[in-house]
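> Predicted structure and sequence below. I'll ask about it afterward.
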Amino acid sequence: MPTYEYRARDEAGAPRSGQIEAPDGGRAVRMLQARGLQAAQVRQIASAQPQVVVAAPSVRSALPAPPAVGTKEVPEGRLQLYFASMANLVRAGIAVSAVFERLAANTSDRRLARASAWMARSTAEGGTISGAMRNFPTLFAPGMVGAVAAGELSGSLPQALEELSEDCRRAFWFRIPRWITWVSLWNFALCLLVGVSLRGVVLQGIDVLADSSSVTPVNQPLREPWFWLILGAMGLMLFWGWAIRRAFTRRLRHRVELMTWIRSKMARAESLRAFSRHLERMLEAGIAPAKAWSAAAEAVPNVILSERLASLNPRENEGLADVAARSDLIAPEWRGLIHTAEYAGRPSQALGAMAQAQAEDAERQRGVYWALRLTGASMLLLAGTLGGFAVIYGTYLTNVFKIVE
């Protein structure tokens, strides 16, 4: 019977390691769960038989390069289902390679299916979910990979995956006001474009019939500066709509996000919520504060804020309160709470309270953003429609009335 080497955590969060005999990797994980252990890594130990020893390198060398998945990010709705399915499989104790095999067979996204099939082969000899996901930065943002890695480190991987699924669900619904704004912008631009195009066309058409002028109704709009200005703005809108879903603009989008009013508050609240939640779990699992801080910083969804938290570079014997005091992202009141909780020997409870407060703050900011977006989109839609009609009436219909008179 094959022998598997495992690394796991018990119910108290203490690390455990050893060897176990099982028919396959999935059975080994379930046997560990029966003992009250949460498996973080299960790897089959090579047998002493020559044919097995020779076969192992051949499998590893035959692994192809990661498949090309393009530059477009995966829609949040599909990632929501992907992470929810992954959480169910991990909670059931399925081995890592079998998890990716199931995901490859059941996901509707072809790029996710190709990546999952490759990750299943790459983890067949052992490995972690986060390690496999790092090969596909286009599909999985750094914050997602960091959240999975933090869950593996703290022994709370199913909870981390469920939170990622919920984050993707919120991000999906968060795009609705953006779509409404895009529709309003296109309505505004098209109404102006039609109005400018019709400017003077009727009178110029009459002039053509009267004196064979070289200016015709066809080329008249091309002589209007506003025509080209609006057309250029529409081209920029098309380009931004294409680029906003590309992974190579992720850093720029996150930086611009921090420059706006409501979006900046919301991004900070969501980032601190994820950071403090993962930090809380790792401290409860007995992870050293310095290592836990670095791992929690990688789980922050905003790339810029993640780098700022990671740049604090906590020293080995430095407390959380001392590190938080060097950060301008954590409010003074939360720094004080962390300091007193750490002095009392209960820093994880302070971090849990901070995570809950940041989640509530992010929800409030999300509601304000929805209200402002919908109000602005409605006003833009109304302004574009009325402005287009005003231009058409002032240029097209007025000329018609004059001709009729």
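Cool, got the structure.
> Mind jotting down where the helices sit in the stretch 301-405 of the chain?
With DSSP state H, counting those that start in this stretch applied, the stretch 301-405 of the chain shows helices at 303-310, 320-325, 332-343, 347-392, 398-404, listed in chain order.
> Domain-wise, how is the protein divided?
With automatic domain parsing as the criterion, the domains of the chain are listed as 1-62, 71-149+160-169, 175-405.
> so can I have JSON lines of the helices of the stretch 301-405 of the chain showing mean pLDDT, distance to Ala290 and mean neighbour count?
For glycine as for every other residue, the C-beta is placed from the backbone atoms N, C-alpha and C. Formatted as JSON lines, the entries for those read as follows, by pLDDT from 0 to 100; distance: least, Cβ to Cβ, whole Å; neighbours: other Cβ atoms under 10 Å:
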{"stretch": "helix 303-310", "mean pLDDT": "93", "distance to Ala290": "12", "mean neighbour count": "19"}
{"stretch": "helix 320-325", "mean pLDDT": "83", "distance to Ala290": "8", "mean neighbour count": "20"}
{"stretch": "helix 332-343", "mean pLDDT": "86", "distance to Ala290": "14", "mean neighbour count": "17"}
{"stretch": "helix 347-392", "mean pLDDT": "81", "distance to Ala290": "13", "mean neighbour count": "17"}
{"stretch": "helix 398-404", "mean pLDDT": "59", "distance to Ala290": "74", "mean neighbour count": "12"}
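> Of those, which is nearest Gly155?
Gly155 lies closest, by Cβ to Cβ, to one member of these: helix 347-392, at 13.9 Å.
> on that earlier part again, which stretch in the domains of the chain is the model least sure about?
With a mean of 65, domain 1-62 has the lowest mean pLDDT of these.
> for the helices of the stretch 301-405 of the chain, which one sits closest to Arg281?
Put simply, out of these the one that sits nearest Arg281 is helix 347-392, at 7.9 Å, with distance taken as Cβ to Cβ.
> and that closest one, what other elements does it pack with?
Under the contact definition 3 or more Cβ pairs under 8 Å, 6 or more residues apart in numbering; DSSP states H and E, helix 347-392 sits against helix 157-174, helix 176-197, helix 261-284, helix 332-343.
> before we move on, back to that, quick one, which of the domains of the chain is packed in tightest?
For the domains of the chain, ranked by mean neighbour count under the definition mean count of other Cβ atoms under 10 Å, the leader is domain 71-149+160-169 at a mean of 20.
> quick revisit: quick one: which of the helices and strands packed on helix 347-392 is nearest Met31?
Closest approach to Met31 among those is made by helix 157-174 (18.0 Å; Cβ to Cβ).
> Which residues outside the closest one are in contact with it?
38, 40, 75-77, 79-84, 86-87, 90-91, 129, 144, 147-148, 150-151, 270, 274, 277-278, 281, 299, 301, 366, 369 (Cβ atoms under 8 Å, 6 or more residues apart in numbering).
> So which of those are in strands?
Residues of these located in strands (DSSP state E): 38, 40.
> ok so, going back, just send the helices of the stretch 301-405 of the chain back as CSV, with distance to Pro289 too.
Formatted as CSV, the entries for those read as follows, by distance: least, Cβ to Cβ, whole Å:
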stretch, distance to Pro289
helix 303-310, 14
helix 320-325, 5
helix 332-343, 9
helix 347-392, 8
helix 398-404, 74
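> Endpoints of stretch 28-45, how far apart?
Chord length of stretch 28-45, first to last residue, is 12 Å (Cα to Cα, to the nearest Å).
> returning to what we had before: closest to Ala353 out of the helices and strands packed on helix 347-392?
With distances scored as Cβ to Cβ, the stretch of the helices and strands packed on helix 347-392 nearest to Ala353 is helix 332-343 (7.1 Å).
> Which secondary structure elements does that closest one sit against?
Contact partners of helix 332-343 among helices and strands, from 3+ Cβ pairs under 8 Å, 6+ apart: helix 320-325, helix 347-392.
> how far is stretch 233-249 from where the chain is centred?
Stretch 233-249 sits 17 Å away from the centroid of its parent chain (Cα atoms, centre = their mean, to the nearest Å).
> same thing with stretch 69-84?
From the chain centre to the centre of stretch 69-84 is a distance of 9 Å (Cα atoms, centre = their mean).
> OK, contacts around the spatially most central residue of the chain?
Compute the mean C-alpha point of the chain, and by Cα atoms, centre = their mean the closest residue is Ala141, 5.6 Å away. Under the criterion of Cβ under 8 Å, 6+ apart, the contact list for Ala141 reads 73, 250, 301, 303.
> now swap in Glu270 and tell me
Residues near Glu270 by Cβ under 8 Å, 6+ apart: 167, 301-302, 358, 362.
> Now Gly18: which helix or strand?
In the assignment (DSSP states H and E), Gly18 maps to strand 15-21.
> ok, that strand: who's next to it in the sheet?
Sheet pairing for strand 15-21, assigned by DSSP bridges, gives strand 3-9 (antiparallel).
> Show me what the partner strand is in contact with.
15-22, 25, 28, 32, 37-45, 154-155, 285.
> Kindly check the end-to-end length of stretch 70-80 for me.
With Cα to Cα, one end of stretch 70-80 sits 20 Å from the other.
> Could you do stretch 244-262 as well?
Start to finish, the residues bounding stretch 244-262 are 19 Å apart (Cα to Cα).
> Surely Glu76 is in contact with Ile176?
No. With contact defined as Cβ atoms under 8 Å, Glu76 does not count as touching Ile176 (11.6 Å).
> next helix or strand past the strand holding Gly18?
Tracing the chain past strand 15-21, the next element assigned as helix or strand by DSSP H and E is helix 25-34.
> ok now do the nearest residue to Gly319 once chain neighbours are set aside, which residues does it touch?
Using Cβ to Cβ, 6 or more residues apart in numbering and skipping residues adjacent in sequence, the residue nearest Gly319 is Glu342, 5.6 Å away. With Cβ under 8 Å, 6+ apart as the criterion, the residues that contact Glu342 are 319-321, 350.
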